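Asker: Predicted coordinates and the sequence they were generated for:
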Amino acid sequence: MKIMVIQGPNINMLGLRETAIYGPMKMEEIHEQMKLAASQNNVEIEFFQSNYEGEIVDKIQECLGVFDGIIINAAAYTHTSVAIRDAIASVNLPAIEVHISNVYRREEFRQKSLIAPVCAGTVTGFGAFSYHLALMGIIQICDHIKKIQSKA
């Protein structure tokens, strides 16, 4: 099983920006924890971060035929990007949307996700642990899909 983790704008600044909201953990530390959890579950995992919408769309499209699932924190693009939403829908891979903060306790504009309707699920508000929960979720979803396909 192969999982792609896609990080959107400003996620590369974790640990430095607004630590009261996003916590002290850096993106690289989150990735290290995810690598450990993935290896314990016999899962290959890769990471990509970009501040540019088009690069995120390209990476989602590149997952087709290579990865079994996607974990995505589209960050601010969650609320604005029809292009990222359409890219997720077009590859027809299970995706889990992740947010470190509880977006429903924040500004009203953050409470609407354009990508949630094309994702298998959303994890929000558990700090850096949101990524671990998303990883466990995508593993379960991908396992379920493989079991169904093997019976067909």
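Answerer: That came through fine. Just so it is clear, the model here is predicted, and its values are computed rather than measured.

Asker: how about low-confidence regions in this protein?
Answerer: Confidence mapping of the chain against pLDDT under 70 gives zero matching residues.

Asker: Assumed Val5 was part of a helix.
Answerer: No. Read with DSSP: H, G, I helix; E, B strand; the rest coil, Val5 is strand and lies in no helix.

Asker: who touches it in this structure?
Answerer: Taking Cβ atoms under 8 Å, 6 or more residues apart in numbering as the criterion, Val5 is in contact with His31, Met34, Ile45, Glu46, Phe47, Phe48, Ile70, Ile71, Ile72, Tyr131. Backbone N, C-alpha and C define where each C-beta goes, glycine included.

Asker: Same question for Ile71.
Answerer: Contacts for Ile71 (Cβ under 8 Å, 6+ apart) come out as Ile3, Met4, Val5, Ile6, Ala95, Ile96, Val98, Tyr131, Ala134, Leu135, Ile138.

Asker: Tabulate those in a markdown table, adding columns for distance to Lys26.
Answerer: Below are the contacts of Ile71 laid out as a markdown table (distance: Cβ to Cβ, whole Å):
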| residue | distance to Lys26 |
| --- | --- |
| Ile3 | 20 |
| Met4 | 20 |
| Val5 | 15 |
| Ile6 | 17 |
| Ala95 | 24 |
| Ile96 | 21 |
| Val98 | 16 |
| Tyr131 | 12 |
| Ala134 | 18 |
| Leu135 | 18 |
| Ile138 | 22 |
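
Asker: Which one of those is nearest to Ile56?
Answerer: Nearest to Ile56 among those: Ile6, at 6.1 Å, using Cβ to Cβ.

Asker: any idea how far Ile84 is from the closest one?
Answerer: Distance of Ile6 to Ile84, given as Cβ to Cβ, to the nearest Å: 9 Å.
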